[in-house]
Structure formats: C-alpha cells, structure tokens
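A.B. asks: I'd like to go over a predicted model; first the sequence, then the structure.
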Amino acid sequence: MTIVFSILVFLHIVGAAMIVGYWIATIKEPTVHPRQRDGAFLQLLTGVAMMGVLPMMPDSDPNYFKLGIKFAIGIAVAVLAVIGSRKVKKGEPVSTGLAHGVGGLALVNIAIATIWN
C-alpha cells in the first residue's frame, strides 16, 4: 500500500502545481485556465483515494478534522475553477476575485497540508 499511497501523493502534488502554477503565471491578468479545473479534479480524486488508503497504512493516525477542512476547500476550488473555465470557454471575462479565489484557496490548502501537524 505504501507505493500506491506514494503515487497518489505524487499525483496530488501535480494537481496542486497545475492550479497554483497557472494562477501565478496569469497573476497580472487574472483568469482561470481549463487546466486549473483539471488540477482541481485531480486533487479531489487523489485526495479521496488517499483518505481511503490511509487507514491501511502502517502507523497511520489520520487527522480527519484536518482532512475534512481540506476536502471542503478542495470542493470550493473545484467549483470556482469550473465556473471560471466555463466563462473562459464562452468568451466571457473572469472576475479577478474568481481567478484569485481558485489560486488563493489552493495555496491555503497547500499551507494546511504542510504546516498543520
């Protein structure tokens, strides 16, 4: 199970990089890139999968409160990314708040994952 969990962590980080990377790349002219939506879905899928594998890991003591908060933020990021990518697809402008909400909330989720013990 350790290798499966490690692969899920790797993919989870790739999803975070997709969201935050595009956010930083477009920070002067904020928008939502369709790959941010894909990264948000990748984060949700791998996060849920990791929660399923976590109880099978040796010496595992998951903090389900922390994971619940991360899941809620992940849902918010995904919803905002879907809204933003639909606006881009229709040729409509994406508000600065929406674009920064996607990247900023993803960054908050990364901070929770790395700083909260």
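C.D. replies: Yes, it's here.
A.B. asks: Going along the chain, name the helices of this structure.
C.D. replies: Counting by DSSP state H, residue ranges of the helices within the chain are 2-25, 34-53, 64-90, 96-115.
A.B. asks: Take the ones you listed and lay them out in CSV including mean pLDDT and mean neighbour count.
C.D. replies: Using the backbone N, CA and C atoms, a C-beta is placed for each residue, glycine as well. Output for these, formatted as CSV (pLDDT from 0 to 100; neighbours: other C-beta atoms under 10 Å):
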stretch, mean pLDDT, mean neighbour count
helix 2-25, 97, 16
helix 34-53, 97, 19
helix 64-90, 97, 17
helix 96-115, 97, 17
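A.B. asks: Now H33: phi and psi?
C.D. replies: phi -90, psi 140 (degrees, to the nearest 10).
A.B. asks: show me the contacts for it.
C.D. replies: Residues near H33 by C-beta atoms under 8 Å, 6 or more residues apart in numbering: 22, 26, 85, 88.
A.B. asks: Make sure the first one is actually in contact with R35.
C.D. replies: It stands for Y22. Yes - using C-beta atoms under 8 Å, Y22 is in contact with R35, at 5.9 Å.
A.B. asks: Need the nearest residue in space to Y22, chain neighbours excluded.
C.D. replies: Spatially, and ignoring its direct neighbours in sequence, Y22 is nearest to H33 (4.3 Å; C-beta to C-beta, 6 or more residues apart in numbering).
A.B. asks: Quick check: that neighbour vs L44, distance?
C.D. replies: H33 is 17 Å from L44, where distance means C-beta to C-beta, to the nearest Å.
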